[in-house]
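>>> Attaching a predicted model along with its sequence, questions to come.
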Amino acid sequence: MAATSNSFLQIRRGDQLLRVVPLIGNRMVAGRSPEVELVLQSDTVSRQHLELVRDENGRWWVRDLASRNGTAVNGQQITAHLLTYSDVIQIEDYTLVFVRSPNDDPKARPEPRHVATPSIQLTMVDSPVGPVRSLRDLGAPKIDASHLSRLVSLSAELLATEESGDRLGTLCSLMISRDMRGTAALGLRVAVRGDDEPVLLRPPSVASGGVPHISRTVLRAVIAQGTPVLASTAASGNKDLLKLSIVVQAMSAVAVPIGGDGDHLDILYVTFPSNYATAEWLALASLAGELYRQADAAWVARQAAQDQAVLEEELERAHDIQTRLVPDDFRVGMLDIGFGFEACKWVGGDYVDALPLHDGRVLITVMDVCGKGLEAALVAAGLHTTVHVLVHEGLGLAPLVASLNRYLCETLPPASFVTMCALVLDPETGAIEHVNCGHPPPLVAGRSGTVREISIHEHAPLGFVDVDEEIIVTRDNLPMDHALVLYTDGLSELVDENDEMLCVEGLSTLIGEVGAASRNASATALASSLRGALAAYQGTAVAADDLSFILVLRTASSAMRTGPLRAASALTS
Amino acid sequence: MIVEDKEYSVAFEQTEQRVRFEGQLRLRSPRDYGPILDLLRTAHQSGIDTLVLDFRNLDMLNSSGIGTMGAFLVEVRKAKNMSIKVLGSAAKRWQGRTLSTLKKIWPQVELIID
């Protein structure tokens, strides 16, 4: 049968078992290179010798990666082969055995002891048992070193077994092994409150005597105490108990909590011969149960780490995509344009853009989507597309803003909005046409260090008011050798290590200092200096908001246009 | 009725027809402002004709908070059954610009910053 999951490779060299490796993910490469997942140190092994690939049906394949000495499966050279359990992959003197469980040994696999079918019905009994005792009630257990050794092995097996059902099977199998002497072992899920019948977590493992009756008294005790308990139907020679033992089978029973949630408790229920009602067997079962819980927690943590890794990879991609939406620094006519864009999380809700227009002017836009993270980033990405489409439709500045507002009123979730500063700048004259919707006014900085806000008419932020109010365009001018800085409030609300906010005044000062100290510098250099000044102010404090700005320098040196041609549009005056 | 946490307190004082904001409001998203929006809606539905939003002792209101206030103003504006007065402090420089945003959303809001 082809394996679908829970597959392992036993890696042997000669007669020596080197290690057992769980097959995780969808692809693992074996070879000599230290970069691969399964390193096989031998000069006769190629750097990337073979790959193990899980197909969409969960089946594992082995494929030779054009290795120098080839790959054999069960003695036959292969290029690709669908693996079945017990297949032996040969790479020179290495042997990789494909097994379902880390303990599988195809050469000496013991016959499984009886395993009941999943449809088995449990028999619950309410009959009294002897005293239900916990470890506190019993003397100090004397545990044999071989038992401890077996428990150490159990821990390793559980940590190598991904599927929780298989881990429970491993635990139950151990409890009925020759080492542990249980007559039966099963996993139960019981309701902490109410009278719901216990649910079998997997078919019972039974060594002798069939599936045992389950004592409700023992289950109630383990629920009440939350710790392992032991009871025996033949503990004291009591005639009544002995009589009952005929009904419920003469036995000792151990119940060990092994997991659960607030409403349910998962229990390892093990029956022993009646004379095993001692501290030793309770302690062994308790330790085994604790190892199971620890392994379970380790697998949960591992799964969480894997999920987190996948999420972070996706966020990293999202970060890349969002960063690509920010134009590279560029020059157009007398304008030299630099960008600053830094999301406080993987992605952010800031949007910065500059679009050269057909008439030689440039549309410069900064927006800030309310909120942070992925939700805000998705809105920002939608804004990027919408702005570019509207510009290409040839809308003027005011109709463009009105269209954006309608779009956002229709699409934004409640209590969300977007602040926006959009302006069209003429490189030759420095003339500015500006629309502001709840956004901090841009700053104009001279090389002498003077800084002022440009004149604005402030509209409500976009996405709030779905009415076509008149969009008022204000006009200003960017003199030669002055810098225009558009920014989001992440800059003005940046806090330092003492939780002191920079504020607009502090930001103005920083911009003035940067401008004065960097005469003849390019917009890229000025933007870099501003980023450095902000970082110096922030120190070790953590940014709570995205930091984005556009710095437009109007210089006398007329430069050849190097800006992105793709952005050309027909925005009307 | 009061909504409060370590950093902030928002209280509706019905007899004063006032919602008082104190501390720093910098919750992560508009969703996190849900209890505060509920409090504002309770104030709206209490039958008073004018509601005072008193921000004078509020040291910070982030963009999600402004969004929540804006959404509330849009609701009140549509209901046309209550007027809003906003009190701010000139000593808190951020309030001038931030609170004027509320007036942009609903020009009939009475904004007093002193």
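Looks like it came in fine. Note that the coordinates shown come from a computational prediction; the quantities given were computed from them, not determined experimentally.
>>> tell me the mean pLDDT over stretch A:410-425?
Mean pLDDT, stretch A:410-425: 89.
>>> Render the CA-only coordinates of that stretch in PDB, please.
Extracted in PDB, the C-alpha atoms of stretch A:410-425 (Å, rounded to 0.1, in the frame of the first residue of the first chain):
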ATOM      1  CA  GLU A 410     -18.600  51.600  -1.000                       C
ATOM      2  CA  THR A 411     -15.700  49.400   0.000                       C
ATOM      3  CA  LEU A 412     -14.300  50.300   3.400                       C
ATOM      4  CA  PRO A 413     -15.500  48.600   6.500                       C
ATOM      5  CA  PRO A 414     -17.400  50.700   9.100                       C
ATOM      6  CA  ALA A 415     -15.300  53.200  11.100                       C
ATOM      7  CA  SER A 416     -12.500  53.000   8.500                       C
ATOM      8  CA  PHE A 417     -11.300  55.900   6.400                       C
ATOM      9  CA  VAL A 418      -8.400  57.100   4.400                       C
ATOM     10  CA  THR A 419      -6.600  60.400   4.800                       C
ATOM     11  CA  MET A 420      -5.100  61.800   1.600                       C
ATOM     12  CA  CYS A 421      -2.900  64.500   0.300                       C
ATOM     13  CA  ALA A 422      -2.800  64.700  -3.500                       C
ATOM     14  CA  LEU A 423      -1.100  67.400  -5.500                       C
ATOM     15  CA  VAL A 424      -0.100  68.100  -9.000                       C
ATOM     16  CA  LEU A 425       3.300  69.800  -9.300                       C
END
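>>> quick one: that stretch to chain centroid distance?
31 Å (CA atoms, centre = their mean, to the nearest Å).
>>> again with stretch B:92-103
12 Å.
>>> what about A:Val29, how many residues close to it?
Taking other CB atoms under 10 Å in any protein chain shown as the criterion, the count of residues near A:Val29 is 19. C-beta: built from backbone N, CA, C; applies to glycine.
>>> Any buried residues in stretch A:426-438, and which?
For stretch A:426-438, a neighbour-count test (16 or more other CB atoms under 10 Å in any protein chain shown) marks A:426-427, A:430, A:432-438 as buried.
>>> Check stretch A:263-280 too.
A:264-274, A:276-280.
>>> So for that stretch, mean pLDDT?
Computed over stretch A:263-280, the mean pLDDT rounds to 88.
>>> Within range of chain B, give me the residues from chain A.
Within chain A, the positions adjacent to chain B are A:368, A:370-373, A:375, A:413-417, A:419, A:438, A:440, A:458-461, A:464-465, A:489, A:493, A:501, A:503-505, A:544-545 by CB under 8 Å from any CB of the partner chain.
>>> residue contacts, residue 7?
Unless you meant another one, I'm taking chain A. The contact partners of A:Ser7, taken as CB atoms under 8 Å, 6 or more residues apart in numbering or on different chains, are A:22-23, A:60, A:83, A:85, A:98-100.
>>> looking at chain B here, not the other one
Applying CB under 8 Å, 6+ apart, the residues contacting B:Glu7 are B:23-26.
>>> where does chain B have its least confident helix or strand?
helix B:93-105 (a mean of 84; mean pLDDT, DSSP states H and E).
>>> Residues of chain B that sit close to chain A?
Looking at chain A, the residues of chain B close enough under CB under 8 Å from any CB are B:26, B:28-30, B:33, B:37, B:62-64, B:66-68, B:70-71, B:74, B:93-94, B:97, B:100-101, B:104-105.
>>> Separate out the buried members of these.
Buried among the residues of chain B next to chain A by 16+ other CB under 10 Å: B:26, B:29-30, B:33, B:37, B:62-64, B:66-68, B:70-71, B:74, B:94, B:100-101, B:104-105.
>>> The residues you listed in helices, which ones?
Among those, the ones falling in helices (DSSP state H) are B:37, B:63-64, B:66-68, B:70-71, B:74, B:94, B:100-101, B:104-105.
>>> about what we covered before: show me which of the buried residues of stretch A:263-280 is closest to chain B.
Checking the buried residues of stretch A:263-280 against chain B by CB to the nearest CB gives A:His264 as the nearest, at 30.7 Å.
>>> For the closest one, give the beta-bridge partners.
A:Ala191 (DSSP bridges).
>>> that older thread, name the nearest of the buried residues of stretch A:263-280 relative to B:Val10.
The closest of the buried residues of stretch A:263-280 to B:Val10 turns out to be A:His264 (CB to CB; 39.3 Å).
>>> Redo the contacts of A:Ser7 as CSV? Include distance to A:Ala521 and secondary structure.
Converted to CSV, the contacts of A:Ser7 look like this (distance: CB to CB, whole Å; DSSP: H, G, I helix; E, B strand; the rest coil):
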residue, distance to A:Ala521, secondary structure
A:Pro22, 56, strand
A:Leu23, 56, coil
A:Trp60, 59, strand
A:Leu83, 63, coil
A:Tyr85, 68, coil
A:Phe98, 64, strand
A:Val99, 66, strand
A:Arg100, 67, coil
